[in-house]
Each structure stands twice: as C-alpha cells, then as structure tokens.
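Q: okay, here's the prediction I keep looking at, along with the sequence it came from:
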Amino acid sequence: MSDQSDFLVEIQTEELPPKALLRLGKAFHAEIEERLRKAELKFTDSTFFATPRRLAVLVNNLTAKQNDAIVERKGPAIESAFDKEGKPTQACVGFARSCGTTPEQLITIKNPSGSWVGFQQKVTGKHVQELLPVIVQQALMALPIPKRMRWGNFSTEFVRPVHSVIMLFGDDIIHAEILGCQSGRKTRGHRFLSKGWIEIKNPKDYAAKLKKGFVLADFMQRKEKIRKAAYAINPQVNIQEDLLDEVTGLVEWPVAICGHFDEKFLEVPQEALISAMQDHQRYFPVMDKNDRLLPQFVTISNIESTDEKQVIAGNERVLRARLADAAFFFEKDKKQTLESRIPVLKNIVFQAKLGTMYEKAQRLSHLAEYIAKKIGANSDEAKQLGLLAKTDLTTELVGEFPELQGIAGYYYAHLVDGISKEIAKALLEQYRPRFANDNLPQTSLGKALAIADRIDTLIGVFGINQQPTGDKDPFGLRRAAIGVLRILIEGKHNLDLRDVLQFALTHYSIQLENHNVIEDVLNFILERLKPIYQEQGIASDVLAAVAALNITIPYDIHCRIQAVQSFKSLSEAESLSIANKRVSNIIAKYENEIALQDIDEKLFELDAERILAAKLKEQQSAAMTLSKAAKYQELLSQLAHLREPVDNFFDQVLVMTEDKSRRENRILLLKKLRELFLHVADIALLQ
Amino acid sequence: MIKTSYDVKTLQGMIATLQAFWANQGCVIVQPLDMEIGAGTFHPATFLRAIGPEPWRAAYVQPCRRPADGRYGDNPNRVQHYYQFQVTLKPSPENIQDIYLESLRSLGIDPLIDDIRFVEDNWEHPALGAWGLGWEVWQNGLEITQFTYFQQVGGLECKPVSGEITYGLERLAMSLQGIDNIYDLVWSKTPFGIVKYGDVFHQNEVEMSKYNFELANVDVLFKHFVTYEQESLRLIEAGLPLPAFEMVMKASHTFNLLDARRALSVTERQQHILKIRRLSKAVAESYYQARENLGFPLLAQENKSGKINNE
C-alpha cells in the first residue's frame, strides 16, 4: 500500500429526508474531516456527495498511517529512585512495573529543576485500515438526526435503512462493519434506470461511475443542473432557494418538465395556488414580470421517461385536484363574513392555559386600539381588525393551507366583509416579519396589529412560565421580540414597551402565574437588542452605556446608541469617558454626605473651576432642548467641547481638598457635568 | 373458467391483483374488520400484530370512515368512506421497497414511464401511542401509498419492526384509469354494463354526510363514548385485550363523529384523545402479556419451519 491514497466512504440507503439531506451531507463531511485531523492523518482536500439514496465523502491524498511518536513518562526523582548502593528502591521498581518494564530499562530525565528516572516508549503510528472504521462509525453517530429508526430484526439505527457501505482506500477495501453492513466496493445506481450493482475500483472513479448509473452524486452540481434545466424549459419560472434544495434532495437524475393548469383557477388567491404547487407538490410556479402567476408550473422528475407525456398528464391531474380543492374552499368560505366567524374562534385553542383564540381576539382588539393611538393609526379600525385578525383560522382554505393564515384573512376581508384593501392589508401584515430580514408591515394598522399579536403572546407565555430555554423556543418568542423591536425602531415609533406590556397584562382575564411578567418580558425583549446591534458592528459598551439609563422605548434607545456610537469616534471621547468614570466614582462615594445645597460661585478658588462652571451653564439649557428633541448626536458633539475645561479642571483642581465646603462645591460641579452626559447615556461605561 | 389475471382498469380487478400479489409474498389475506375505523392501521392484524416478537405477514382491504371528510357527494376527491389496501410485513424484509415496486408493476405501472418516488412522510398517531418513519410514494406527483416502518405502537417499542404499506385504492384507481372524479371510477365491467363508483357509493356519501354533520345524536354519542371507555377498562382488567381493543375502536369512531358534529370544545377534544391514548396503551400492554402467556406461538412456528407459517 502506498504512503497516501484517496479515501471514499459511501452509505447507501433508502430514500433520505430531502429537506435534511444537504445538512446531513455537510455534517458527515465535517465530522469525518474533524476526526481525520484529530487523528493527525494528513490529506490535501475532501468533498462530499449527497443524493436521496446515499451520503458519501471523498478524501484526497490521505496519508496511509499516523507518524510514529516517542512518548516519555516521568517516574520518581533520582535520589528516591536509588538507594546509597545505587540499587533501585521500591518506588523505582514499582514505577518500572507500571510501565511494563524493569528498572534497567529506565532512562534519566534531566532538566534545570532536577533529575528523574523515566521511561521512553516508541508508539507506532496506526494505519488507516485500523483508524478509518472507527472514524466513520463515530462520524455517523454524530450526525444531526432528529429521529433515528430501526428496521427488520436489527438494532442498528439510522435515518433510513442502510443497504450497502463502501470503504475504499485507493484500490483497497477497508474492512469494517458499518451500520450493520460489511463494507465493500459496490453500490447501486438509479432506482429504475440502472441495473445491478456498480463496482467502484478506485475512489477517483466514484462520481463518473455513478453518472453512468444515472446518478448525479454531487449535491451542488445537481442543484445547479436543476436550476438550469428549469430555466431552460420555462424562463419565467420562479425558484425559491429552499425549495430548490428540497427538490435536489428528491432526485438523483433530474429532468425538468413543464405542465399547465386551467386559467379559471387564477381567480383563486394566487398565494393559495402557489402554496399548493410549492409546499404540497414541490413544483416551481411560473410568474410574469409583475409577479402575477401564470397557469403553468415546472416540476423536476427523477426519470428520463420513455413517455414524458404521461408524467406531465399525471402531474397536471394531481395539481388540478389540489387547485379544485382550493377553489372549492375559497368559494365556500366566501359565503360567510369574517365577522360572523368571530364566535367560531371559541373552538380554536390559543394555548391550553391561555384559553381560546376568541379570548385572544378580544385582547388583540383592545391592544391594537391602544397601540394604534400611540403610533398614529386609526384606532377604531385597529379595534375592529383586532377582532377579525384570527378569524381566517376558521376558514376551510386555511384549514387546508395553514401557511395562508393572514393572506386568506386579507382576501375575505375585502371580498366578503367589504373592508377596503388598504385596511384589510393589516390582516396579512400582522404576521410580518416572519423570519430574519423579512419585510416589515407597511401600513400603520398592520404595525399596530403585528405588535399587539406579539406582545400578547409574550405576556401570555411568560405569564405561564413557558419562556424559552436554551435553544427551545416553541412559541417563537425570540423572533416575536425581534419583530416588535424592528417595527418600532425602523418605523421610528416612540412607543414605551412598559406601558404596552402593562396595558396588555390588564386585559388578560385569567390569573397569570408569573407575577414578575412585565419585567421578565421587558428584559427579554431588550435583551434581543444585543444580537441586532452586534450584527451592525456596534460594540457592547455602547449598548451598555445606553442600557444604564433603563429606558424602555426601543426607538429612543436606538437613537441614543447611534449618538454614542458616533461620539465614540470623536477624539474627545476617551478623555471625557475617563472623566465621567472618575466623577461617577467620586459621586458614588460622597453623594450622601454632601451638606451643600447648590453650587456656590463664591467658593471657587481657581480659574479652572470657574471656567468649567461657566461652560456647564452654557451647555445646560441647550442640552435640555436637544435632549427633549432627541437630538442626541448633536448634544454629544456639543458636550465634546467640554473636554478642554474638564481636562484643565482635573489637572489643576484638587477635588478632595481639606476644606469641606469647597470640596462639596467641587463635587456638585462634577455632578452637573455628569448629569449633562446622562441626558444621552452613561459614557463612563465606554471602554 | 376462473380468471388468473384481472382487469386492473377496474377497481375490483385492481384489488384482486393486489391480493394475488401479496398472497404470493406469503401474506395472510385476512378480511376487512367488521367495525368502523379511520384507517387500516386500526385493524388488529396490523395494530396488535405489530406488538411483540412474533413474525407476521398480512394483507387486506379495509373500508375507512372519516366522518369529517364528507362532502355530500359534491367533491370529486374527498369522501367520508373509502378503501385502503393494507399490507403489514413483520419483520420488514430487506427488499421491502423492491417488493412494493413489483406490486406496482403487477398493476401495470411502469417505473420507466412514470415518475415513482419515495418522499419523506413520517407517521404519528398520538391516540394510538404510535409512530413510525417512512414515505408517501408518488406516482407522477400523486400520493398513491403510505409506507411506514413502525417504531412504536401503543407506547411499546416495535421489536422487530413492522413495515406497513397502505395503498389509497380510489386514488390509485383514478390514476390507473386516468379519471378526475372519484364517482366516475369504473368499479367493474359486468355483462349488464359498467358499474361506477358513484353507482355504488354516491347515495351513501350524500346520506352519511347528512348524518355525520347534521343528524348524529350528540347526547347519545357522548354517552356511548363513556360506555365504551368504561367497557374497555373493564375488559383490560379482565385480561381480554381483544374485546377491550374493539371498545377502543368504537370509542375512537364515536369521537370522530362528535368531532364532525363540532360538538367537542377544544379542551374536551384534547381530553378525549388522551382517554383513547391511555386505553390504547393499556390494550397494547395487555395484548403483549396475553401473547407472552401463550408463549408467543407464531415464534415457535417460525423456529420449527425456519420461515413464517402462512397456511
């Protein structure tokens, strides 16, 4: 066997979950690489393959064997290892025995702090034949598989039943039992297009051999091939990346086909049609330039059919049935107003301990009205929309297509209840943002509803002590909190969270277990600011400087953070921050002992005091005005001018003078300085 | 003359073909359960036989009732009464997918023409304390079969694992016959003319929808549920898992009717599901015990003959 060769491992299985396939393929790859590195087995590069029926990793130029290593073990010190006659002591003999040798074989280890007997052993590096089976087994055990299964009579567990395993090092099989299979060099090609076993002679041949067996093993290549094929067959196809990944996980030999459906279905909300195509059938919809759905679809089959017309006809028939269902539900739903559905919400649970959606709707109505008033939306409309917000959950269309919640409400509100489209839009927007970087609600009613929905859920779930722990967040509360913050900050709304939470709590008719719920939710929401600003590259000290003021208006916090961030880049910042720190320490120590009521100019002794006092006075009224107008950045750049008088003050004035009244006068002066900055933030906390 | 090959373009021909195919695979062709159930899985030949170490292979047609799915005979794809063809193979053979694909070929489906795929679809039935992993099988995008490796039944680990194959007969037939409306399905071609699915079942769909949604007596159903639950508990107590399981099935169907009538408040609904689950678990344990007391007889036969006894 040569010094280095390519290594291939393939686990051939029954069809793997398509949504998880890419993650599994990458994880298998990463776990193997990591273990090779830990075992100090060198290689040049490596790659992975993933199809519905296989996971594989190819490692190029893997060294055949670990390096030999010399290992030293230290025993007792020389003086206690040998007696006066130079004979080995009990301790020495014992040490030798523990090393599996005799005292004669021991060596002396010397260093500046002394000498010891020692034992030196050459450890021969292990061969890949021995190492790889364990590495692969461990890598498989470490895969992120939510539910492992068993099959037949076996106790082996994996994502799906395993049929064969390839382990090749160069031309040689690495013999091992992996997931109940004896490793070899054989695999299967396409389930229908390929016949019999495919033999892999050398790892390098793997992809090419499989291609001959009608399998495109490389996930990324297959994905791009599908994209190309879809565009080739219909240039207006609309491809969502996550659906493309899923489709890539569903085929080994992709063939794009284009089908059509009856134009009459276009009367149904296109979101429902798209949902039927994407989520239920894994078809790609086809859209015109204005994002209007066309009566066509592209689907990726897993076969070069000998009669493609039948594949198309079959797919068209399935879609027809689904669209007919959607149309049927849509027509049926339209016979009933959303308003008449409000009582039906009593049949839908919000959360077992928190009652039904009917009760939630009542709360939403009050809360949306309250928020609308604060953010300048029409509060009467908000009140009405709050009651209607969840009524579409009782429609057949949402029953069939749960992902249409909100969208269905929007359509029915204007088609059946006669609410204007502009207002009805809030029903759709209440669920935004649905994920990171998703669009925010655009209408102010939409914002009011979106905030109300999330705040109500936060209060309720924290109220029954089911707040997120670790990575468990079943109610999506982190996302909800971030949604509230984004809507308020990006919309520049000065809404005080504490007030909203208080209001939301008073409308919960049931007694919530958690008595500290307002503070808990407040902390939870404001805690989400950290990742938001971290992502924007704003350091945590800036956040801390603002957080110290305990403000509960997210937009106000935001403005202050921006101001402090830009202040921090000024040349005056460091010195002023240090000054604030000193002042803060002094005040913390002496504030309670001060007898003096106010600054007394007569007590000033030095010019530096007088100048600082004058400058502070100058700034004071401007600071008040700017702070009220939330012009924090301007305020801080004004205050930056204080650097020189402040520096001079500390250079020339001894604050802790013996004279009590002078001392107190100086402390009061410094307190003024600090108060000026505290209009914006506690810049003493800047690093 | 007895026909040995059937016309798969009729519903009855298709069923006959599947029965012949699976009989050849060593399945006991049992008959439908004579009770109202929501899925072929409830049949003791699947649910109870999945418990314990004994090998078992069976296939059967099972009428299924899902009262809430009624559409008064108006919807071309949805009915409150339909048929499943259920296959259960325990332990699941290594080539179970290949055998299944062979069964499709016996129906005239050619995987070199049609796009046949196994698409992840995991199965969970909380009321039965059961779950498994598997797929729905697609033929040109149409789900024609549910394929599940049982992992747990009645809260008990499945050792060995049963492979369950459930064909949706109407769907499969609609695909084979190239038809869009269930009521147009050819049931059989008789010397007296063609009999369609609608001829056999349309009136039933109309009347049963009316019963399920409008006329089922809610008070009586509630009382029935209580009775079945108590009876089931009493029978488990008496060490009779089979009649106890019948009571569970009756309770379950009663629950489905109450659900179709929208007679259950949200909390009641949850409570009823939990009651059925508790019963299912107790039945499963009791059944295991009963088989163990009998010395797992099918296990002994397997040891004697080296294979499954399917006489």
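A: Here it is on my side, so go on. Numbers count the residues shown, from 1 in each chain, chains lettered A, B, ... in the order given.
Q: and the nearest residue to B:Gly108 once chain neighbours are set aside, how close does it get to B:Gln177?
A: With sequence-adjacent residues excluded and distances taken as CB to CB, 6 or more residues apart in numbering or on different chains, B:Gly108 is closest to B:Val8, at 5.1 Å. Backbone N, C-alpha and C define where each C-beta goes, glycine included. With distances taken as CB to CB, to the nearest Å, B:Val8 is found 9 Å from B:Gln177.
Q: out of these two, which sits in the busier spot?
A: A count of neighbours by other CB atoms under 10 Å in any protein chain shown puts B:Val8 above the other of B:Val8 and B:Gln177, at 20 against 16.
Q: phi first, then psi, for the more buried one.
A: When read as degrees, to the nearest 10, the backbone of B:Val8 gives phi -70, psi -10.
Q: quick one: contacts for B:Ala68?
A: Residues near B:Ala68 by CB atoms under 8 Å, 6 or more residues apart in numbering or on different chains: B:Gln80, B:Asn212, B:Asn256, B:Asp259, B:Ala260.
Q: the second one is in contact with B:Gln80, isn't it?
A: Yes - the criterion here is CB atoms under 8 Å, and B:Asn212 meets it with B:Gln80 at 6.1 Å.
Q: mutual contacts of these two, please.
A: Shared contacts of B:Asn212 and B:Gln80, defined by CB under 8 Å, 6+ apart, comprise B:Pro67, B:Ala68, B:Gly70.
Q: now render those residues as CSV, adding pLDDT.
A: Below are these laid out as CSV (pLDDT from 0 to 100):
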residue, pLDDT
B:Pro67, 96
B:Ala68, 92
B:Gly70, 92
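Q: now, which of those sits nearest chain A?
A: Set against chain A, the nearest of these by CB to the nearest CB is B:Ala68 (10.2 Å).
Q: what about the strands in the stretch 101-250 of chain B?
A: With strands called from DSSP state E, counting those that start in this stretch, the stretch 101-250 of chain B shows them at B:116-120, B:123-125, B:130-139, B:142-153, B:156-157, B:163-168, B:186-190, B:193-196.
Q: thinking again about what came up before, export the shared contacts of B:Asn212 and B:Gln80 to CSV and tack on secondary structure?
A: Output for those, formatted as CSV (DSSP: H, G, I helix; E, B strand; the rest coil):
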residue, secondary structure
B:Pro67, helix
B:Ala68, helix
B:Gly70, coil
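Q: what residues does the residue nearest to B:Gly108 make contact with?
A: So B:Val8 contacts B:Met14, B:Thr17, B:Leu107, B:Gly108, B:Leu176 (CB under 8 Å, 6+ apart).
Q: helices - which of the residues you listed land there?
A: Counting by DSSP state H, the part of the contacts of B:Val8 found in helices is B:Met14, B:Thr17, B:Leu176.
Q: relative to A:Leu36, which of those residues is nearest.
A: B:Leu176 (51.7 Å; CB to CB).
Q: quick one: the closest one and B:Lys9 touch, right?
A: Yes - B:Leu176 lies in contact with B:Lys9 (CB under 8 Å); the separation is 6.1 Å.
Q: of those two, who's got more company?
A: Shown here are B:Leu176 and B:Lys9; by other CB under 10 Å, B:Leu176 has more neighbours (21 against 16).
Q: could I get the contacting residues of that one?
A: Neighbour list for B:Leu176: B:Val8, B:Lys9, B:Met14, B:Leu107, B:Gly108, B:Ile109 [criterion: CB under 8 Å, 6+ apart].
Q: and for A:Lys26?
A: Contacts of A:Lys26 by CB under 8 Å, 6+ apart are A:Phe48.
Q: before we move on, what about A:Lys19?
A: By CB under 8 Å, 6+ apart, A:Lys19 lies in contact with A:Asp245, A:Glu246, A:Gly249, B:Glu120.
Q: so it is in which element?
A: Per DSSP states H and E: A:Lys19 is located in helix A:18-38.
Q: just the contacts of A:Lys19 now: which is nearest A:Thr187?
A: A:Gly249 (18.4 Å).
Q: count of neighbours near the closest one?
A: Using other CB under 10 Å, A:Gly249 has 27 other residues around it.
Q: once you drop chain neighbours, what's closest to it?
A: Per CB to CB, 6+ apart, closest to A:Gly249 is A:Pro18, 3.1 Å.
Q: mind listing the strands for the stretch 301-450 of chain A?
A: Under DSSP E, counting those that start in this stretch, the stretch 301-450 of chain A gives strands at A:349-351, A:355-356.
Q: centre of the chain to the shortest one, how far?
A: So that's strand A:355-356. Centre-to-centre, strand A:355-356 and its host chain are 30 Å apart (CA atoms, centre = their mean, to the nearest Å).
Q: give me the mean pLDDT for it.
A: Taken as a whole, strand A:355-356 carries a mean pLDDT of 88.
Q: that strand close to chain B?
A: Yes - Strand A:355-356 is in contact with chain B by CB under 8 Å from any CB of the partner chain, via A:Thr356.
Q: and that strand, what does it pack against?
A: Packed against strand A:355-356, as judged by 3 or more CB pairs under 8 Å, 6 or more residues apart in numbering or on different chains; DSSP states H and E, are the following elements: strand A:349-351.
Q: strands paired with the strand it packs on, and their directions?
A: Next to strand A:349-351 in the sheet, as set by DSSP bridges, lie strand A:355-356 (antiparallel).
Q: spell out which parts of the stretch 151-300 of chain B neighbour chain A.
A: Checking the stretch 151-300 of chain B against chain A by CB under 8 Å from any CB, the hits are B:151, B:158-161, B:163, B:175, B:178, B:180, B:262, B:265-267, B:270.
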